[in-house]
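A.B. asks: sequence and predicted structure, then a few things I'm wondering about:
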Amino acid sequence: MSGMQKFWDGLACLLLVTDIACSQQPCITNITHPSSNVVSLDWTSTTNLNIVAQCSDLTTGRFQYVGSVLSTNQALLTNGSAVSFFRVRNVAAIDFPDPILRTAVSNAIVTWYEPRTLIYDIDLQGITSLSCSWAGIADASG
């Protein structure tokens, strides 16, 4: 079986699984392969902030975010793997009213996702500790 055939078989499988699983999560509605190593995705979503994740082997379950946080319901991705699986995740922007807390959290972020004008829930995933009791934070909400 050729690499391209495996690619399309994987996409067909993904479309079936996605169709069954759609609810409040983004739902991939169209996948095209406009040129070599490029994949175009369209999806429906209840929010305007999303990010695409890609995995080349479902047995590992390791999806990695590709690209930046998107405010549209489509993405054009460079794909170097003959077989890839995609999913789209809602992203939430986190508001920190206190500028000192925002700075402390910003400094603790390990991996930023673009655009960096906002702090997203996925930016916070790599933070394992945050010590700022000395900082004079007046509002810890966010």
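C.D. replies: Here it is on my side, so go on. Numbering: from 1, shown residues only.

A.B. asks: use CA for all of it now, contacts and neighbours both
C.D. replies: Will do.

A.B. asks: per-residue confidence at Leu124?
C.D. replies: With respect to pLDDT, Leu124 scores 90.

A.B. asks: stretch 87-95: end-to-end distance?
C.D. replies: End-to-end span of stretch 87-95 (CA to CA, to the nearest Å): 26 Å.

A.B. asks: repeat for stretch 55-64
C.D. replies: Start-to-end span of stretch 55-64 (CA to CA) is 7 Å.

A.B. asks: list the buried residues in stretch 39-54.
C.D. replies: Residues of stretch 39-54 classed as buried by neighbour count (16 or more other CA atoms under 10 Å): 39-45, 47, 49-54.

A.B. asks: ok, stretch 101-115 next?
C.D. replies: For stretch 101-115, by 16+ other CA under 10 Å, it's 101-102, 105-106, 108-109, 112-113.

A.B. asks: hmm, back to that, from the buried residues of stretch 39-54, which single one is nearest Ala135?
C.D. replies: Closest to Ala135 out of those is Leu49 (31.2 Å), distances taken as CA to CA.

A.B. asks: quick one on the thing from earlier: pick out the most distant pair among the buried residues of stretch 39-54.
C.D. replies: The most widely separated members of the buried residues of stretch 39-54 are Val39 and Thr47, with 22.3 Å between them, by CA to CA.

A.B. asks: min pLDDT across the buried residues of stretch 39-54, which one?
C.D. replies: The member of the buried residues of stretch 39-54 with the lowest pLDDT is Thr47, and it reads 82.

A.B. asks: that one belongs to a strand?
C.D. replies: No - counting by DSSP: H, G, I helix; E, B strand; the rest coil, Thr47 is located in no strand; its state is coil.

A.B. asks: where does it fall, phi/psi-wise?
C.D. replies: phi -120, psi 170 (degrees, to the nearest 10).

A.B. asks: can you tell me how far the residue lying closest to it once chain neighbours are set aside is from Val52?
C.D. replies: Excluding the flanking residues, the one nearest Thr47 by CA to CA, 6 or more residues apart in numbering is Asn90, at 6.7 Å. From Asn90 over to Val52 the distance is 9 Å, taken as CA to CA.
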